[in-house]
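Colleague: Just the structure for this:
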Amino acid sequence: MNRDDVDWQGYFPAFVTPFTADGDLDLDTLAALVDHYVAEGMHGIVVNGTCGEWFSQTDDERRQVAEAAAAQAAGRLRVIVGCTAYTAEQSAELGRHALASGVDGVLVSPPPYAKLFAPEVVAFYEEISALVDGPLTVYNWPWGSGVDIDTELADRLADVPNIVAIKDSTPDADQFFATSRRVRDRVRVFGPYLGERGLEELTTHGGDGTVGGGSLFGRPDPQYWEDVWAGDIDAARAHAVRSDRLFPQLWLPGGWAGKYGAYQSQLKALMHMLGQPAGHVRRPRLPVTDPAALAEMRAVLVREGLLAADERQDQPA
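Modeller: Here you go, the predicted model:
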């Protein structure tokens, strides 16, 4: 398999996993969030990745989330499910279940904590590929895996059977764009194309999509990609500028954490302010509760036109 075996492109929100205040899976809110993203015209979702707090779920819960997302999406958008684990066998078992549940593909980062060397990374994905008969996405997440998949390593992984895409979350922008140019002939590349530098890359060398932490903007995020495809670069640039302006006001450089809390905690707080289904975080994550932090986050949303100044700030029940 390679990039031509899937049609994945555009904006895919990194899907948060909603939990109740007591820490249980909240599958009703999960279904509502899928419907929200369908209504906003998203091209796909990535479930049980970093934003999905997979690390605080049991394997059975991860299966429930995959099944629920696939059933609710019902073919209305693409669903890719994160199956990162400590061994290739564990990732493969989750991946086989996800594909059998009707998802479109699976996503796996190098195993956390182990800090694999390059030959070990290749062997890890080769093993998963041999065990999972379906489209695989490499997830480069250096903050969690301790491994930054550079351009040379990505080039090797692009030739592994069944790998059809890479979600590259390296904090090194120069490296990302070099990787994109090197491997796009074989795999689809998702990364920071949604910005002025990303737009320049798209118009000169091409690119496939963005997996963003949720979607604070909503419809304008997938519309950006549709404008690029239609050749309306001025419209795309207007959203790129807006995105570049919003990001540093809320997130630390490299996008690994929020300025006011853990990535998942801050994202869910922002989603609640915008009236998006999100649920609670689950320990070890803690919610953002500091009134001053919440007020500053809300002020950013107001300043950027995402929230009316007099709109009530909602918190999860």
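
Colleague: drop to CA atoms for contacts and neighbour counts, all remaining ones
Modeller: Noted.

Colleague: So which residues of the stretch 1-150 of the chain form strands?
Modeller: 10-14, 44-47, 78-82, 105-108, 136-140 (DSSP state E, counting those that start in this stretch).

Colleague: Now do the third one: which elements does it pack against?
Modeller: With contacts defined as 3 or more CA pairs under 8 Å, 6 or more residues apart in numbering; DSSP states H and E, strand 78-82 has these neighbours: strand 44-47, helix 59-73, strand 105-108.

Colleague: To M271, which of those lies closest?
Modeller: M271 sits nearest to strand 44-47 of all the helices and strands packed on strand 78-82, at 15.8 Å, using CA to CA.

Colleague: Show the average pLDDT along the closest one.
Modeller: Strand 44-47 shows a mean pLDDT of 98.

Colleague: same for it, what does it pack against?
Modeller: By 3+ CA pairs under 8 Å, 6+ apart, strand 44-47 packs against strand 10-14, helix 59-73, strand 78-82.

Colleague: how about these in CSV, adding mean neighbour count, distance to V302 and mean pLDDT?
Modeller: Below are the helices and strands packed on strand 44-47 laid out as CSV (neighbours: other CA atoms under 10 Å; distance: least, CA to CA, whole Å; pLDDT from 0 to 100):
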stretch, mean neighbour count, distance to V302, mean pLDDT
strand 10-14, 25, 22, 98
helix 59-73, 20, 31, 98
strand 78-82, 27, 31, 99
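
Colleague: who wins for proximity to G41 among the ones you listed?
Modeller: strand 10-14 (9.1 Å).

Colleague: Do I have it right that A88 meets V122?
Modeller: No. Counting by CA atoms under 8 Å, A88 sits too far from V122 to count as a contact (11.4 Å).

Colleague: Of those two, which one has the most company?
Modeller: The neighbour count for A88 versus V122, taken as other CA atoms under 10 Å, is higher for A88 (22 against 19).

Colleague: For the more buried one, give me its contacts.
Modeller: A88 sits next to F124, Y125, E127, I128 when contact means CA atoms under 8 Å, 6 or more residues apart in numbering.

Colleague: And the third one, how close does it get to D60?
Modeller: This points to E127. Per CA to CA, to the nearest Å, E127 is found 23 Å from D60.
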